Structures are given as C-alpha cells and as structure tokens.
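K.L.:
Got a predicted structure here, sequence first:
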Amino acid sequence: MNDIANWLLSNWVFATLPALTLIMGLGEVIGRIKLPGNFKLGVAAVFFVGVMFGVIYPDLEIHHDIERFGLALFIYCVGLTAAPAFFQSLKRNGLMLNLTTFVAMTAIFLCSMGVIKFFGKDSMVMSGLFCGTLTNTPSLNAAKEAKRLVSKNAIEKYIKENGLEAQEAEVYRDAQNDLVEKELKKVDAGYGVAYPFAIVGVLLIVQFHLIREKRRKVNLPQAPSYMISVVELSKDVPGNYRCWTGALINRFVGVVASRYRFNGKHHFIDGDTMIPMGAMVVIEGPAASVEAAADILGKKGDMGLIQDRNFFSTRFFTVSNKLLINQSVWRLKLSSMGASICRIKRGDTRLEINQRTRLQLGDLVRVIVKKDKQVSLNKFFGNSMNIATEQTFFSLFIGVALGLLIGQIPIPVPGVDVPVTLGYAGGPLVVALVFGSIGRSGPFVWSIAPAANMALRHAGFALFLAVIGVNSGSKLLSTLRGDGWFLILVSLGMLVLVHLIIWVVLLICKVPSIPTLLGVMSGFQTQPMAMEFAASRSDATTVNVGNASVYPLATILKIFYAQLLIVMFL
C-alpha cells in the first residue's frame, strides 16, 4: 500500500504536468466556494493551492516558460477587451483618472524604495512585495526577467574576461543560472507574503465604499435599471436643428429610439433618420433617462405601441460578419433593411448605444426586425458563434508573438545602468491595445469573441498563478520565520496609503461617483476579483468603464517600477 502511495506522489501529485493540472483543478473548485461577505476567490484560489503545494513539496519545479506563456495569454486577452473603453475614456475624464493612478503608483514605489534604503531590506524581496501588494502578477514576471537579464550579461562578461573554454563556460553558465533561479525565489516569496493579505485588504476597502454608497441610496426610491417606453414627439430640438433624429434623441436624452408610428405606418430609426412631429416613438435605456424623456421630447405616448408587433419581432443576432467589425452602429443603415438595433451585449456587459459605439466580433445585438426580413438580417450579421470563434486564433497567435517580440526591446532609463523592458506582459498589452482599438484591417480581424476571450484569459491566468503559487510556497515559511510579519505590516500600510491617495485625489478633482471610484481602485490593483466584487454590488457599467480607463497604465507602471526596484539596487 505504501508503495502505491509513494508511486502516486512521485509520478502524479508532485510530477510537473500532473501537479500543474491538479493545482488548477483544485483551485477552480475552491474558487467557487462562497466565503463570508458573499464573495468568491475565483481563479485567484489557484494561487493559494499552488502555495500549499510549494510549502508541502519545496522541490517541485515548474519551468518558467509555462509561467511566461500563461501571462502573455492572459494579458493579451485583457488588453483586447479594455482597448475600446480605454481610448474612449481619454476623450472624457480618462486623463484625470490616469493622472491619479500615476500619482498613487509613484507613491507606493517611493515607499518601497524607502523600506530598502532605511530598513536595509533585500531589493528582490521588496520588488516581490510591491507586486504582491498591488496584486499584479505581470509585474512580478517583469521583475524576475530584469534580474535574469542583468545576471546573463554579468555571466557572459565574466566568461569573456576570463577566456573560459566552451565546456568550462557551459558548466559555469549552468551553475550561475541555477543560483539566479534560487535567488529569484526571494521575489516570489515577497509576493507570496503580501498577495493573500492584499486581496483581503482590497476587498475590505471596496466593501467600505459600498457601505458608503448604500447609505447614500437608502432614502432614494428604488427604480428599475432599464425601461422601455413611448413618447409623442411635440417639442423642438435644442439648438439649430430642423428636426429630431435617432442620433439627436440619443445625444440629448441618452436613450435609444428604435421605431416610430406616424399616420398609422411603422418606421425604423437609424442615427440620421428624421422623425416628424407628432410621431409616437418607442425608446429604451436607463430608467432615469427614459423617465425624463417625455419632458424633453414632448409627452408620454400610447404604451400599446410596445406590444403592437403584428409585422415585426425581436431577434438576437451574433456578430460574426468580419465586415461589420469596428463599424459604428449609427452607420449600419438598418432602417433600409426593415430593422433597428436597440441593445448590445458584449460578454456579460450591456453596452450603452451612442455615436461612439462600434460593433466587435461576438457581440450579441438585440434587433427589432420585420418578420419577412429575418433571413436577410441573419446573413447580414453572420449570426454564427463558430465562425466568430474560428476567427479568434489569427489575432491570438500573431498578436501574442508580436507582443513578446516588442516586450524584449530594451528601454534605457536615465540614471540607471541597466535598461528595462516591457517584458512578457507589457509587450502583449501594448499590441493588444493597438489591435483592440483597430478591430479589423482589411480581411484580418484582430478582436476575439467575448466567450473565447474569457476562456483563453482564464486559462492563461490559471497557468500563471499555479506556477507563481508553487514558487512562492517553496520560500514562504523561511520568509515568515525571518522578517515576514514586518513585511506584511509594510504591505498593508502601503495598500491603505495608495487607496487613500486615490480617494482624496478623486474628491479634489470632483469625481463623487462611488462606482467610478470602485472601478479605478480595481483597475489600479489590476485585480479581476475586486472588479467583479464591486460590479456585482454597484453600477456594473460605470465600474467596468472606470476599471478599463486605468488598467493599461496601471499595468505598465507596475512593470517598470517592479524592474527599477531590482536594477537600481544591484
């Protein structure tokens, strides 16, 4: 019996690939368990299972190429998703939100430098602590790659200066690389010490602001978040416009006008469709905007029009026609095809329809369409999830490969002898932001369908967390026996400080919206669990936009600062 148990442990539980899949599988199961406060760890549980494996079996080795691949896959998919909202936010309050992120990130970087200088702590441990406090694994990888690059240059310099023969050079190179990899576990240990407490700390901070929001709303009447209504058009358009159009109703009222009835005939509405006075217009959108629409457009109309569907029906179509990628909703001219878009879902997110809204691969569109035009609309949108998914892989492989190449380009920093790089996270992120904003170039589709994006993102993140967890666990106990508790206090102190800075700066800049604050905080932490926790308890759309506005800059700053904490003190 003991022989069987030993065989299972050596050939399955603690063998590299079986252990990796077992860690991810157990992490997924544990991540679905509801914890006090009604939240789940989600994919982050994979990290904690990996730590457990690393503590139990410190000699478990998983090659860091698996870590790199998982990271690149995850960050590329995140960048594609965040790109449209990121660039759109720059035209509104995005610059201010990103300035806030820069100030807070620089503050925690300076605090980390202070701990290294005044308390004499190891720069590699502090670099890992910096990444763990900010719950950001891409920056952890970048810090380790910076150390590997510096060590590689030093090894090659020594071999050249001492004229070692090929065989001697290979032996020396292998021995030094082994020492470097063992030393790099200090970075993982610093990360492992800070990460669990940082996750709990972030969730508590988010919960604090959610309680503030709940107290604000306690005396407000509860209204449905989304409404459909009918208004009779009788008031002139503000400004020097001759008549109302679909785009003008959206601009001045913030709702979508899908169709209207005039003189007993039904008409569909595009952005440039001119709507006559006295028309009964079907509108839908956020409840507050729909309620206010009657005062702006005229008066409440015949609600029976909503149920009048003798000649048309409501259908959902999946966007898989690549010619529609990155096309403005207003320019589709669906009214000429006997249809009108009234709602768009991208993944689980309902998109606001306005002049900036563009279709992406895999979008689910809700369309009001004439019954005899459904077949032609089906062909127009493509309506094939298989085709949408198949077009995913070109973008994925080309984008990740190009991102990995760009990530290795050295970037000189004034005052620092060793250049930094964007690394295996920053390179794919930059490429993903560019490709995600372009959407399509001729026959080439750069976006990834939401379902495929989520699956690839999840798999990549799980791979990365499993490897990091194992490496962190192997050094965790020795770190805690040393100055681990001091490092935990430093980590929590820096965490509270940066989120206080974000809160104060946004208050000074007159951003009172708590959902926006929660989005910025989760984007600053680049922590999906914090975003999901906030979005499920607040205005999800506002939280997601705030998160997407600062996520790219936060990730890039962490990548640079984590490397600087190592190369500045070598």
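P.N.:
Arrived safely. Worth saying up front: this structure is predicted, and the values here are computed from it rather than measured. Residues are numbered from 1 along each chain as shown.
K.L.:
Report the secondary structure state of Leu204.
P.N.:
Using DSSP: H, G, I helix; E, B strand; the rest coil, the structure places Leu204 in helix.
K.L.:
That one - how many residues pack around it?
P.N.:
12 (other C-beta atoms under 10 Å). Just so you know, the C-beta spots here come from the backbone N, C-alpha and C atoms, and that holds for glycine as well.
K.L.:
mind listing what it touches?
P.N.:
Leu204 makes no contacts at all, as judged by C-beta atoms under 8 Å, 6 or more residues apart in numbering.
K.L.:
got it, and Glu161?
P.N.:
For Glu161, no contacting residues are found, by C-beta under 8 Å, 6+ apart.
K.L.:
quick one: pLDDT of it?
P.N.:
pLDDT recorded at Glu161 is 82.
K.L.:
now do the one 3 residues further on
P.N.:
The pLDDT attached to Leu164 in the predicted structure is 82.
K.L.:
Pretty sure it sits against Gln176.
P.N.:
No. Judged on C-beta atoms under 8 Å, Leu164 makes no contact with Gln176 at a distance of 11.7 Å.
K.L.:
Tell me, how many residues neighbour Met227?
P.N.:
Per other C-beta under 10 Å, the neighbour tally for Met227 reads 17.
K.L.:
Gly285 versus that one, what's the distance?
P.N.:
7 Å (C-beta to C-beta, to the nearest Å).
K.L.:
Ok, Val375 next?
P.N.:
Val375 sits 29 Å away from Gly285, going by C-beta to C-beta.
K.L.:
just Ser225 next, same as before
P.N.:
With distances taken as C-beta to C-beta, Ser225 is found 10 Å from Gly285.
K.L.:
Can you pull out the low-pLDDT segments for the stretch 251-400 of the chain?
P.N.:
348, 385, 387-392 (pLDDT under 70).
K.L.:
for the closest residue to Ser123 other than its chain neighbours, helix, strand, or coil?
P.N.:
Spatial nearest neighbour of Ser123, excluding adjacent residues (C-beta to C-beta, 6 or more residues apart in numbering): Phe569 at 3.8 Å. Going by three-state DSSP, the secondary structure assigned to Phe569 is coil.
K.L.:
Can you give me the neighbour number for Phe569?
P.N.:
14.
K.L.:
Am I right that Glu232 sits in a helix?
P.N.:
No. Assigned with three-state DSSP, Glu232 falls outside any helix and is strand.
K.L.:
Spatially nearest residue to it (excluding sequence neighbours)?
P.N.:
Residue nearest to Glu232 in three dimensions, not counting chain neighbours: Gly301, with 4.0 Å by C-beta to C-beta, 6+ apart.
K.L.:
Residue ranges of each domain in this protein, please.
P.N.:
Here the domain parsing of the chain from automatic domain parsing is 2-217+390-567, 226-384.
K.L.:
and among the ones you listed, the most buried is which?
P.N.:
domain 2-217+390-567 (a mean of 20; mean count of other C-beta atoms under 10 Å).
K.L.:
next one: phi and psi at the closest residue to Pro419 other than its chain neighbours?
P.N.:
Excluding the flanking residues, the one nearest Pro419 by C-beta to C-beta, 6+ apart is Pro410, at 3.7 Å. With angles defined as degrees, to the nearest 10, Pro410 sits at phi -70, psi 140.
K.L.:
From Leu324, how far off is Pro410?
P.N.:
According to C-beta to C-beta, Pro410 stands 40 Å off from Leu324.
K.L.:
and what of Gly347?
P.N.:
Taken as C-beta to C-beta, the span from Gly347 to Leu324 is 18 Å.
K.L.:
and if you look at Ser340?
P.N.:
In this view, Ser340 and Leu324 are 15 Å apart by C-beta to C-beta.
K.L.:
Repeat that for Glu61.
P.N.:
48 Å.
K.L.:
element containing Arg343?
P.N.:
Applying DSSP states H and E as the criterion places Arg343 in strand 339-346.
K.L.:
Surely Val367 touches Thr314?
P.N.:
Yes. Shown here, Val367 and Thr314 form a contact pair, counting by C-beta under 8 Å, at 7.3 Å.
K.L.:
Beyond the lowest-mean-pLDDT helix or strand in the chain, next helix or strand please.
P.N.:
Ranked by mean pLDDT, DSSP states H and E, the weakest helix or strand in the chain is helix 2-8, scoring a mean of 52. The element immediately downstream of helix 2-8 (helix or strand, assigned by DSSP H and E) is helix 16-31.
K.L.:
who does that following helix touch, helix- and strand-wise?
P.N.:
helix 45-56, helix 450-481 (3 or more C-beta pairs under 8 Å, 6 or more residues apart in numbering; DSSP states H and E).
K.L.:
Cross-check the contact I'm expecting between Cys111 and Val496.
P.N.:
No. The pair Cys111 / Val496 is not scored as a contact, 11.2 Å apart, by C-beta under 8 Å.
K.L.:
quick one: Ala142 from Leu557, how far?
P.N.:
Counting by C-beta to C-beta - Ala142 and Leu557 are separated by 11 Å.
K.L.:
could you measure the most centrally placed residue in the chain against Pro18, distance?
P.N.:
Computing the C-alpha centroid of the chain and ranking residues by C-alpha atoms, centre = their mean puts Val78 first, at 4.6 Å. From Val78 across to Pro18, the span is 29 Å (C-beta to C-beta).
K.L.:
One more: Ala142?
P.N.:
29 Å.
K.L.:
do the same with Ala401
P.N.:
29 Å.
K.L.:
Leu351 now?
P.N.:
Relative to Pro18, Leu351 is positioned 42 Å away (C-beta to C-beta).
K.L.:
got the contact list for stretch 120-127?
P.N.:
112, 115-116, 143, 147, 183-184, 186-187, 189-190, 479, 483, 487, 562-563, 565-566, 568-570.
K.L.:
out of these, which are inside strands?
P.N.:
Of the contacts of stretch 120-127, none are assigned to strands by DSSP state E.
K.L.:
Which residue ranges of the protein form strands?
P.N.:
Using DSSP E, strands in the chain cover 226-233, 244-245, 256-262, 265-268, 274-275, 280-286, 298-300, 312-318, 339-346, 349-351, 364-370, 440-441, 444-445.
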